[in-house]
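Chemist: model the following, please.
(chains A, B, C and D)
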Protein chains: 4
Amino acid sequence: MGDARPLPTEDEVRGYFEQCSNWGRWGATDSAGTVNLVTPAKRTEAARMVRSGRAVSLAYPLNTVGGPGNWSPAQHFMRFGPGFSMDYIGISYHGYATTHVDALCHVFWEGKMYNGQPSSDVMSDGARSNSVDAWSDGISTRGVFIDIPRFRGVPFATVDAPVRGWEIEAAAEQQGSELRPGDAVIVYAGESSAVPGRPPSPGLHADCVPVFKAKDTALLGWDMMDASPSGYDLFGPGGGLPVHVLAIVYLGMPLLDNARLEPLAQACEEEGRWEFMLTVNPLHVRGGTGSPVNPIAIF
Amino acid sequence: MGDARPLPTEDEVRGYFEQCSNWGRWGATDSAGTVNLVTPAKRTEAARMVRSGRAVSLAYPLNTVGGPGNWSPAQHFMRFGPGFSMDYIGISYHGYATTHVDALCHVFWEGKMYNGQPSSDVMSDGARSNSVDAWSDGISTRGVFIDIPRFRGVPFATVDAPVRGWEIEAAAEQQGSELRPGDAVIVYAGESSAVPGRPPSPGLHADCVPVFKAKDTALLGWDMMDASPSGYDLFGPGGGLPVHVLAIVYLGMPLLDNARLEPLAQACEEEGRWEFMLTVNPLHVRGGTGSPVNPIAIF
Amino acid sequence: MGDARPLPTEDEVRGYFEQCSNWGRWGATDSAGTVNLVTPAKRTEAARMVRSGRAVSLAYPLNTVGGPGNWSPAQHFMRFGPGFSMDYIGISYHGYATTHVDALCHVFWEGKMYNGQPSSDVMSDGARSNSVDAWSDGISTRGVFIDIPRFRGVPFATVDAPVRGWEIEAAAEQQGSELRPGDAVIVYAGESSAVPGRPPSPGLHADCVPVFKAKDTALLGWDMMDASPSGYDLFGPGGGLPVHVLAIVYLGMPLLDNARLEPLAQACEEEGRWEFMLTVNPLHVRGGTGSPVNPIAIF
Amino acid sequence: MGDARPLPTEDEVRGYFEQCSNWGRWGATDSAGTVNLVTPAKRTEAARMVRSGRAVSLAYPLNTVGGPGNWSPAQHFMRFGPGFSMDYIGISYHGYATTHVDALCHVFWEGKMYNGQPSSDVMSDGARSNSVDAWSDGISTRGVFIDIPRFRGVPFATVDAPVRGWEIEAAAEQQGSELRPGDAVIVYAGESSAVPGRPPSPGLHADCVPVFKAKDTALLGWDMMDASPSGYDLFGPGGGLPVHVLAIVYLGMPLLDNARLEPLAQACEEEGRWEFMLTVNPLHVRGGTGSPVNPIAIF
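Modeler: From the prediction side, this is the model:
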């Protein structure tokens, strides 16, 4: 905070599109994006993170009550008889209420998706490319927790101070965590009183994305999404969602939105380390735009 | 098959209720059942199973078309605009179409659930005990694959020859897999032409349950469910579902139903081992009767 | 308003339970309640109301956005291909957002429903008595519009002045509308700024119910529900919902909740009469607790 | 049947597109189609049909069990507590299981909808033209029942003998029913053993559509849909659905699909007349492709 480095100019940010692009890197028809970096060797590395065996969920319970920040609440209906009970779960998981992973077809930019696929590949019966299917064998990798409130010495990130790319690197270094290719980086901003989804809200600055590119991060998990308004009109009225656009469309990187990170922050403190095995197992939905998930960190 | 050991009598099977009971073992208010056996140490053991890093999903894609065996098909609806796509997923996952885990409130016997909780704890807004919440930190453990067709030298288990408890032990031994406390045992019967859920169907015999009790198995995954008709009228008209009743209500053991096991069978052959790390991450649904899941095996 | 007649005492209101009861009137197994008053002759009378042929809907469009007053928003999902489009509609219609009719199983009082049926008749797969099935041939009857703002000379009813039973009679008389057996009485309170469902909210006082009993009203349509808090603790904490309890459980009368009445008010003014044919055609749902509807008034 | 008039040639059927078109008739932006023929005067005429006051539903109960002919079963979930019950209804009503009305955006032909609107007006959040909104004031009109089994002296229409246009006219004449502008024509084919939606199935021949055009019919209700295969390749592989295409896209006429007509057939016999008031009140869904309905005939 004392180290308020200058913000990138609009031109610099415009350069991120090319700088951060992974288009073509894994072939012309690739739909998996940075999950390609979660190789068998990476999974083995992830499993070696497990020492104490402590497990922590990164998921909120489904929220079935509509309200501000929850326009399409989850549904949970029960049925039971003399010998059994069953239930129905219905989820419009995108938005600000449900812990979920975004597939690469979730965001378009100028009519294109990741890897240059046309947005017209998304049809009303599912996406023809960049769907969550590409990750049906799960995302099991090394997770690194970036605790911004701890780094800054504050209770939570605030609107006036978006989380910067350099901070992610500095916080990782302070914690003694190396950021390696194929990692899941989980950025904790802390719980503020902002209404989710309504600007102004604290969150990550666009200049985090070049860091994810440089480090070959495979997945970004977070609790607060894009800093909003972003301050860069090129992303649309109100400044749009630069991290969503750059990460999903150009990096081809899954976002783990609305992660519940307070228990994980506490576990990291207690375990004295900020690295763990992370398993994100999206439901197998053909043509889906993502999935509700219950990501599990194992120390 | 050549070794057709005599079937237990109805009285012997009646004895399983007491023989297999874990009621009270983990305290009067426990709702986690055999998942208590997945301790931090067990998770560490599970992670040590990872060597090659190969990952295999045990989930079928959601089936959205109603038909025989799929009375309540999954729903998948898309929405999209110029810059994004979203979707809605609705699932009545119990039944024979969706890969899912059964919570301990899914089955009642004589008005009781696991640990003696009254079935009246299950209300139309969720279960007050034995719900899937109890496993919200996930089930990450050692998995052992039991390949019945391989053991028998046949393409798939048939109606006339239910999978017996002694076979599970013998197949494990033949494969060189020790069955240890806290394991997930995955029993592969192979795909027959039976219509799911309509007797007669091949599956596991009631006498498998005492084996799971003796071995302190934490989870049973399978592709064919209870052999049906069971041959034991005490479980109800048509012979009921003895494994469901004994495993869920008395052992307190989660069932991983409708697991997709052909890819896993092939991976075991290719890897030359029948043990792996298994991660089953149920969605976090308060009061839920289970969850659709995408279980991932990592070799 | 100038004629502020004294409010009934709690003891007087307690007397309404017996005074307003139609239990047993149409047989011990009746589930149709006051819809029994919509006889073939009544339908013929209703059809004779049609003179100009003007049709007016009493339904709001489905509201698919969750928020205050809409905790379980309706769902509307589209699917389309080269030659067709289809859609899915999902509705939790009770509450304050959707125009719907309440079946007689919607409300219980002291463990009983209308006609003394036990509330245990309502099971998780539908109601065994008092369900909306009883009205599957529709409710086509004479409608009488009671315009409270017009009667009072105010823009809308306010929290401090609940709509009283005597007012309904007086307003009907002022308009020249006789209230006859089998009528649908539609009470317009006008749109205030109150948040639906959150007390304090304007609405009908409990003493309207004896008027409906005396007039043998078949259906009550309204835009604001029970005046709340009711002022009568016997209906529960915060004063409960006396009109819902007395009308549904004791009269056995369907309530048409969240009716859109401004267009109807205007049509009555322009037509110069407050009587019309009303058709309320609930969906045919076995065991249902009501139905979303689009009631149509024809002048 | 004895009067097997020659079938129209493919060229003659091709001529129906122009012959049956109502494009432009009610203005360039019209989305209501033949419902424009249900004028206030027509509603008054309809109300005059009511004599005995007998009411008959034309709706099947919702079918919640998936199977052949019901790929997307309706959902019905209950919730209840000490004082109330509620339910959720979810319906993908198009198909062969639910009684519903088709809006004019339900079918496209060569990229166009009724009145020449582009099919691209249908988006994933609703249709911009030709949606069910256009009929939100209901369809209350004179109904005429055409009883094909009665006319033919058979129990039900068969695959080898599609219902022909001339038969509709002849059956109407035999019954003494004049077909007038704005009528709802309800064609009863009787229940055969055909699996709904799977050709071959009995139904209406394409040459019925010119009759509806000539008579200025406002709505077609039926129990069996298009005769299939149609015999006219120009409608697509397998002969397509000529009545759906011609009626919805060119006439701009709502179809009332899967009407339950046996009770109505019996009522017509008993009343000795085949005319009645019909009220079809579609739910008010913005941008919807139709609606589940409970149409009510009143004699």
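
Chemist: ignoring the adjacent residues along the chain, who's closest to the closest residue to chain D within the stretch 51-200 of chain A?
Modeler: Residue of the stretch 51-200 of chain A nearest chain D, by CB to the nearest CB: A:F77 (3.4 Å). C-beta: built from backbone N, CA, C; applies to glycine. Ranked by CB to CB, 6 or more residues apart in numbering or on different chains and with sequence neighbours excluded, the top spatial neighbour of A:F77 is D:F77, at 3.4 Å.

Chemist: and the contacts of the helix or strand hosting the residue of the stretch 51-200 of chain A closest to chain D?
Modeler: Assigned by DSSP states H and E, A:F77 belongs to strand A:75-80. Applying CB atoms under 8 Å, 6 or more residues apart in numbering or on different chains, the contact partners of strand A:75-80 are A:62, A:64, A:85-91, B:90, B:119, B:122-127, B:285-289, C:72, C:90, C:92, C:124-125, D:77-79, D:88.

Chemist: generate a ChimeraX selection restricted to the buried subset of the residues you listed.
Modeler: In ChimeraX, this line selects whichever of the contacts of strand A:75-80 come out buried by 16 or more other CB atoms under 10 Å in any protein chain shown:
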select /A:62,64,85,86,87,88,89,90,91 /B:90,119,122,123,124,126,127,285,286,287,288,289 /C:72,90,92,124 /D:77,78,79,88
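
Chemist: in chain A, where's the longest strand?
Modeler: strand A:139-147 (DSSP state E).

Chemist: do it and chain B meet at all?
Modeler: Yes. Applying CB under 8 Å from any CB of the partner chain, one finds strand A:139-147 touching chain B at A:S140.

Chemist: relative to that strand, what are the paired strands and their orientations?
Modeler: Strand pairing for strand A:139-147, using DSSP bridges, gives strand A:184-188 (parallel), strand A:275-280 (antiparallel).

Chemist: using TSV, lay out these together with mean neighbour count.
Modeler: Below are the strands paired with strand A:139-147 laid out as TSV (neighbours: other CB atoms under 10 Å in any protein chain shown):
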stretch	mean neighbour count
strand A:184-188	26
strand A:275-280	28
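
Chemist: can I get those in JSON lines including mean pLDDT?
Modeler: Listed next are these as JSON lines, based on pLDDT from 0 to 100:
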{"stretch": "strand A:184-188", "mean pLDDT": "98"}
{"stretch": "strand A:275-280", "mean pLDDT": "98"}
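
Chemist: next structured bit after the strand holding A:F77?
Modeler: According to DSSP H and E, the helix or strand after strand A:75-80 is strand A:85-91.

Chemist: quick one: residues in contact with that next one.
Modeler: With CB under 8 Å, 6+ apart, strand A:85-91 has contacts from A:62, A:74-80, A:98, A:292, B:72, B:75, B:88-94, B:105-106, B:108, B:119, B:122, B:126-127, B:283, B:285, B:288-292, C:75, C:90, D:75, D:77.

Chemist: same check on stretch A:258-275?
Modeler: Outside of stretch A:258-275, the residues within contact range by CB under 8 Å, 6+ apart are A:49, A:52, A:54, A:56-60, A:96-100, A:142-147, A:149-150, A:172, A:175-177, A:186, A:188, A:191, A:196, A:221-223, A:295, A:297, A:299.

Chemist: roughly how far does the residue of the stretch 51-200 of chain A closest to chain D sit from B:G126?
Modeler: A:F77 sits 10 Å away from B:G126 when distances are taken as CB to CB, to the nearest Å.

Chemist: which residue packs closest to whatever residue of chain A ends up closest to chain C, ignoring adjacent ones?
Modeler: Chain A approaches chain C most closely through A:G66 (2.3 Å), counting by CB to the nearest CB. The shortest distance from A:G66 to any non-neighbouring residue, by CB to CB, 6+ apart, is to C:G66 (2.3 Å).

Chemist: does the one you found touch A:P73 like I think?
Modeler: Yes. Applying CB atoms under 8 Å, one finds C:G66 in contact with A:P73, separated by 5.3 Å.

Chemist: identify the contacts common to the two.
Modeler: Between them, C:G66 and A:P73 share the contacting residues A:G66, A:G67, C:S72, C:P73, judged by CB under 8 Å, 6+ apart.

Chemist: pLDDT score for the second one?
Modeler: Per-residue confidence at A:G67 stands at 87 (pLDDT).
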